[in-house]
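J.: I'll drop the sequence and a predicted model, then ask my questions.
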Amino acid sequence: MTMAESPARRLRLGMVGGGTGSLIGDSHRIATRLDERYELVAGALDIDPERGKRFAATLGIAPDRAYDDYRQMIEREQARPDGCDLVTVATPNNTHFEIAHALVQGGFNVLCEKPLTTRVEDAFALAKAVRDRDVVFAVMYGYTGYPLVREARAMVAAGELGAVRVVQTEFLHGFMAGPSGQSGAQGGVWRLDPSIQGRSFALADVGTHALFLASFIIGQQVAEVAADLHRFVPGRELDDNAHVLMRFDGGAKGMLWASGVAAGVTHGHRIRVFGERGGLEWHQSRPNELIYLPQNGRPQVIERDAPGLSAASRFRSRISAGHPGGYFEAWANVYSDVADAIAARIAGKPADPLALQFPTVGDGARGVKFVDAALASAQQGGGWVDARV
């Protein structure tokens, strides 16, 4: 695996949230360990400080770096000569802004869970703070870490499809198809609480993943949206299904479907892209295959790490072709991109451009604006609304 030069030490990682029983916290921690680029040294892991400290001990965090809350963590890590190089924010949506903004103002590099914030004005304020403080800031749209997603992006950029015309992107679950509280999904009920989740469930929770996957691959940003958001299950305050028509700034047209009520579906994340001369299709359930559909040729199944793939794809392929890579590896690729960016700053030299594919605070802000515009469109009966940042 080709990698930019690493610093002489592992990067020191802190974490806010992601405590006992947190699926997302476990995902982040596993991802940081795969490439041996990070050492988890500090954390404010739980809203209950004592529970958080007990869990920190199981992770090998020293007692004096297991903090009561993020404020204490910022103050004490700033005072240390060996303070955190990166802090992961793995807390509920409604806390992302206050925590991430405080970390940025404190001079910390940050990797934040999506959505970036629950309000557009907060997203813009956070993006400005990142620019002003000149820190590295990433948002965990982890599916763009798959090597064949990066191959799809490279193929589009190289013109292999011709000008992109149509994008169909979707992210479906069935875990909220029944009444609230009966989903059986770990931590599922809070996603329907506006005070925690924000103004949208389906669109903000999984729709933003589908949007960023599309923008990442085709190299265009959504400009306008026309949306139909619906609550199928009685008594819900937030959308559990969303259909969104999209116009992109480069001329492509698209449709996005995000749902928590696609009964029987466990994880239906896929994208199809069609240009003048052919198309591409990728399914997250089969991440090591990219389907290429040339207009005047036989369909092809491109495998991860196959001969002739782009440098962008091979850059984060850890194992040889025929050995499957999956979800944790994709997340690890995002973390390794961020590590390369931080390591380059430590070394005082430019980062390898191939390592700068991670989702940024600007990408996070565009996702929040997209949700806001889609909500406005739905409230107006589905008319077109400007979604540009």
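T.: Received the coordinates, thanks.
J.: is it fair to say R236 lies in a strand?
T.: No: read with DSSP: H, G, I helix; E, B strand; the rest coil, R236 is coil and lies in no strand.
J.: Can you check the pLDDT for it?
T.: R236 is assigned a predicted lDDT (pLDDT) of 94.
J.: Next one: the nearest residue to it once chain neighbours are set aside from S313, what distance?
T.: What sits nearest to R236 in space, not counting adjacent residues and going by C-beta to C-beta, 6 or more residues apart in numbering, is L192, at 5.8 Å. (Each C-beta comes from the backbone N, C-alpha and C, glycine too.) According to C-beta to C-beta, to the nearest Å, L192 and S313 sit 38 Å apart.
J.: Going by neighbour count, list what's buried in stretch 140-158.
T.: Judged by neighbour count (16 or more other C-beta atoms under 10 Å), stretch 140-158 contains these buried residues: 140-156.
J.: Dump it to CSV, keeping only the CA atoms.
T.: Written as CSV, here are the backbone C-alpha positions of stretch 140-158 (Å, rounded to 0.1, in the frame of the first residue of the first chain):
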residue,chain,number,x,y,z
MET,A,140,-17.2,11.0,8.6
TYR,A,141,-18.9,10.2,5.3
GLY,A,142,-17.1,6.9,5.5
TYR,A,143,-18.5,5.2,2.4
THR,A,144,-16.2,7.4,0.2
GLY,A,145,-13.3,5.5,1.7
TYR,A,146,-14.0,2.4,-0.3
PRO,A,147,-11.3,2.0,-3.0
LEU,A,148,-13.9,1.3,-5.8
VAL,A,149,-15.8,4.4,-4.9
ARG,A,150,-12.6,6.3,-5.5
GLU,A,151,-12.1,4.4,-8.7
ALA,A,152,-15.6,5.5,-9.9
ARG,A,153,-14.6,9.1,-9.1
ALA,A,154,-11.4,8.7,-11.0
MET,A,155,-13.2,7.2,-14.0
VAL,A,156,-15.6,10.1,-14.2
ALA,A,157,-12.9,12.6,-13.8
ALA,A,158,-10.9,11.0,-16.6
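J.: Would you agree R165 falls within a strand?
T.: Yes: under three-state DSSP, R165 sits within a strand.
J.: can you tell me which residues contact the residue nearest to R236?
T.: Applying C-beta atoms under 8 Å, 6 or more residues apart in numbering to L192 gives the contacts M176, S180, F201, R236, E237, L238, D240.
J.: to the chain's geometric centre, what's the distance from stretch 137-149?
T.: In terms of C-alpha atoms, centre = their mean, to the nearest Å, the centre of stretch 137-149 is set 6 Å apart from its chain centre.
J.: I meant stretch 104-116, not that one.
T.: Distance of stretch 104-116 from the chain centroid (C-alpha atoms, centre = their mean) equals 13 Å.
J.: pLDDT wise, what is the residue nearest to P294 when sequence neighbours are not counted at?
T.: Distance criterion C-beta to C-beta, 6+ apart; nearest residue to P294, sequence neighbours excluded, is G278 at 4.3 Å. The model reports G278 with a pLDDT of 99.
J.: all strands for the protein, in order.
T.: Here the chain has its strands, by DSSP state E, at 11-17, 38-44, 86-90, 109-112, 137-139, 164-172, 222-230, 241-248, 253-259, 268-275, 278-283, 289-294, 300-303, 385-386.
J.: The ones you listed into TSV, with extra columns for distance to D122?
T.: Below are these laid out as TSV (distance: least, C-beta to C-beta, whole Å):
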stretch	distance to D122
strand 11-17	17
strand 38-44	20
strand 86-90	13
strand 109-112	12
strand 137-139	14
strand 164-172	23
strand 222-230	20
strand 241-248	21
strand 253-259	22
strand 268-275	27
strand 278-283	32
strand 289-294	36
strand 300-303	40
strand 385-386	19
